[in-house]
Each structure stands twice: as structure tokens, then as C-alpha cells.
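>>> Have a look; sequence and predicted model below, questions after that.
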Amino acid sequence: MLNDWEPYIYKTEDYGETWKRLTTGDNGIPGDYPTHVIREDPDREGLLYAGTEFGMFISFDDGQSWKTFQQNLPVVPVTDIKIHQKDLILSTMGRSFWIMDDVSPLHEFNIENRMTSAQLFTPRIAYRSRVGQGASVNYYLPLEADSISLLIKDQSGKEINTIKVQKEQGFHRVNWNLTLKGTPPTATNRRGSSGPKVVPGEYLLELIIEGEVLETKITVLGDPRILADGMTQADFQEQFELCVKVQELQREARAFQKVIDSLWKPLEEKKAQGSKLRAQGRKKYEGLSLVRSELLTAEGVYTQPMLVSQIGYLYSMISQVDQKPGKDAYYRYEELKEKLEHLKQQIRL
């Protein structure tokens, strides 16, 4: 950089006997951008990353042409590059370290067909962990799509979740938290609950773009730390199956609550307006009120949790930690299920 700001990156294919310059000044990296470092991606031959005095550049053709690769990186000298577990790690002069999570889409991106073909990229391995975001799903759209959806299916082909995705042109990344569809919130239970985390294994991703289906698979592994503590595939499966049962009981309880509310609220409104209920209506109102009080936790501080909340509490206890469910969880599930059936019989629905 002493009176010479040209970029100098060379390549040899004969162990240094001859060299070819990859930075001519007119093939992507400007002629006054001094270069500091170059690395080849270990997962795609010819995919090169170059750090210059003024930011990052990338080449898909072994340095014949370069494109700027700033994303949200400031214009700053990039002094070193490392690719670690499909993450791109940069050291900079004055802006500390920067990490681009998951560059695996670059390993499959078809740059020649980028203007005509959509792509769904193979995700890197996801780990079923209680921390982190789950699995990143990456796709590319050459044009904005009128309709698009992302389906998650198990090995039998059953749909287990649907992810909301973007339809604008360009690269997109969405996150799957490795769960089944959750229980949606209701008027009286606004938080809802996420579905249980899936068992480690292989799952199918389907990106449907205006009727065209793109498919790939994702591998989910157990957290190595949990496995080291003795958690087995059978334990994951047992926990998952009990979570599904409790979640289904939760859905059933909320559906029953909705029916009770639809019968109780008109009578409550009538009573609030000062109208007297006839004997049969009063008896119905009292019966519904009693069942409703057993289902729903009363408003206020330190009120006793009732059936719907109790089911939700059981679900959170068995789903928030990766472990084989204890016998008490099964006993409690049967108690709550029996209680719900008893309430249903009182109303005879």
C-alpha cells in the first residue's frame, strides 16, 4: 500500500511454478482496493472469499469474476477469514469480529440460472436444543411470487407444521423451531403454546411456489450434551408421544370451554341487563357457571389454577426439558383427562 493500491491475489495449479492473477481491476474487485486475505470454501470448490481494505468480495468461478459481499457488514478492512461449521468468520480492522451464520446456500446456489429458477437449499444439520433458534431454511426466488408456502413433513409424509415465508425476489431465510404446530391462543388463554419439539431424525421440507413444489430434507440431531447425559432415542420418542397426548387434551379442553362460553355468555348478558331467568334458564345458567368455574382460572392475583391452566402447566413441565417423563406425569395426565370427561358429562355434550 506504499503508492500501490492495486489488488494482488494470485493462483497456482502447479505448486508455485506458475501463477495467474485473479484481480485484474476490471473483474469485480476495483483496481484501487488492496487485498488482505483470500480463502476457499471447504464445501464448494471454486467458491472464494476475499477480504479487501474496503470490505468483502465473493467469487463462484474460482476468481474469474468477483461480486461484492457486504450484506450488513460496514465498509471496513477485512484482515482475516475463517470458515467454521459453515459459518463465515471475519476479523476486521476496527470493527471487531463479524460472523455470517450458515453460508450453506452458497454451496448450492446456481448463479447461471439465478434469473429463471427458484431454489430451496439443503439445510445444514439442526440440533434439538433448548437454546438457539432451531433450523434455518434458505431459499431463493428469481421473481416475486404470488403465492408461496413452506411445509414440514415427517418420514411418513404427514404435515407437522407450516412456516410463514416471504415472497419477494431474492434470498430468504426462515426459521423452524423444530416443533409441531402449537395450540393457538383463545380469548381467555391468549398465550397459547408451541407444539412439542420433534424427535431427532430426518424430515421433509416442501416449498410450494405458485403450484411448483421444491423438496429437500433436513436432519435433526439430539443435543450432544443431552445424549452424553444418557438421553436415548427411545426417551425422546416417549417424551414426544406424551407431549402430543397432553397437547391434544389441551385442545379438547379449550374446544369444550368455547362451547361452554357460547351457551353461558347469552345468559350472563341477559342477567346483567336485569332480566329474570326462568327456572329452567336459571338452572342451566347455574350449571354452566359451575362447569365454567372448574374449567377457567378466575381473574385476580394468586387465584387457584383450574383445569385448562392445569393441563397447560403439565404440558410445560414435560416439554421444556429433555428427559424421560416420570410416572407422576402419566398419573397427572389421566387425572386431568378424567376430570374433563366428568365436566362434559355434567353438561351432557
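In hand now; what should we look at? Numbers count the residues shown, from 1 in each chain.
>>> Quick one: residues contacting the closest residue to residue 19 other than its chain neighbours.
In space, and not counting its chain neighbours, residue 19 is closest to residue 10: 4.4 Å by CB to CB, 6 or more residues apart in numbering. C-beta coordinates here come from the backbone N, C-alpha and C atoms, glycine included. If a contact means CB atoms under 8 Å, 6 or more residues apart in numbering, then residue 10 has 19-22 as its contacts.
>>> Among the residues you listed, name the buried ones.
Neighbour-count burial (16 or more other CB atoms under 10 Å) applied to the contacts of residue 10 gives residue 22.
>>> Of all the residues in stretch 327-345, which ones are buried?
For stretch 327-345, the neighbour count (16+ other CB under 10 Å) marks 329, 332-333, 336-337, 339-340, 343-344 as buried.
>>> neighbouring contacts of it?
242, 245-246, 249, 252-253, 256, 291, 294-295, 307, 310-311, 314, 317-318.
>>> Just the CA coordinates for that stretch, please, in PDB.
Output of stretch 327-345 as PDB, limited to C-alpha atoms (Å, rounded to 0.1, in the frame of the first residue of the first chain):
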ATOM      1  CA  LYS A 327     -44.600 -41.800  36.300                       C
ATOM      2  CA  ASP A 328     -46.200 -38.800  38.000                       C
ATOM      3  CA  ALA A 329     -46.600 -37.100  34.600                       C
ATOM      4  CA  TYR A 330     -48.700 -40.100  33.400                       C
ATOM      5  CA  TYR A 331     -50.800 -40.200  36.600                       C
ATOM      6  CA  ARG A 332     -51.500 -36.500  36.300                       C
ATOM      7  CA  TYR A 333     -52.400 -36.800  32.600                       C
ATOM      8  CA  GLU A 334     -55.000 -39.500  33.500                       C
ATOM      9  CA  GLU A 335     -56.400 -37.400  36.400                       C
ATOM     10  CA  LEU A 336     -56.900 -34.300  34.100                       C
ATOM     11  CA  LYS A 337     -58.400 -36.400  31.300                       C
ATOM     12  CA  GLU A 338     -60.900 -38.000  33.800                       C
ATOM     13  CA  LYS A 339     -61.800 -34.500  35.100                       C
ATOM     14  CA  LEU A 340     -62.500 -33.200  31.700                       C
ATOM     15  CA  GLU A 341     -64.800 -36.200  30.900                       C
ATOM     16  CA  HIS A 342     -66.600 -35.600  34.200                       C
ATOM     17  CA  LEU A 343     -67.300 -32.000  33.300                       C
ATOM     18  CA  LYS A 344     -68.500 -32.900  29.800                       C
ATOM     19  CA  GLN A 345     -70.900 -35.400  31.300                       C
END
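>>> before we move on, back to that, can you add pLDDT and give the buried residues of stretch 327-345 back as JSON lines?
Shown next, in JSON lines, are those (pLDDT from 0 to 100):
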{"residue": "329", "pLDDT": "97"}
{"residue": "332", "pLDDT": "97"}
{"residue": "333", "pLDDT": "98"}
{"residue": "336", "pLDDT": "98"}
{"residue": "337", "pLDDT": "97"}
{"residue": "339", "pLDDT": "97"}
{"residue": "340", "pLDDT": "97"}
{"residue": "343", "pLDDT": "94"}
{"residue": "344", "pLDDT": "93"}
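>>> State the distance from the residue nearest to residue 19 to residue 20.
Taking CB to CB, to the nearest Å as the measure, residue 10 falls 7 Å from residue 20.
>>> what does residue 67 give?
Distance of residue 67 to residue 20, computed by CB to CB: 19 Å.
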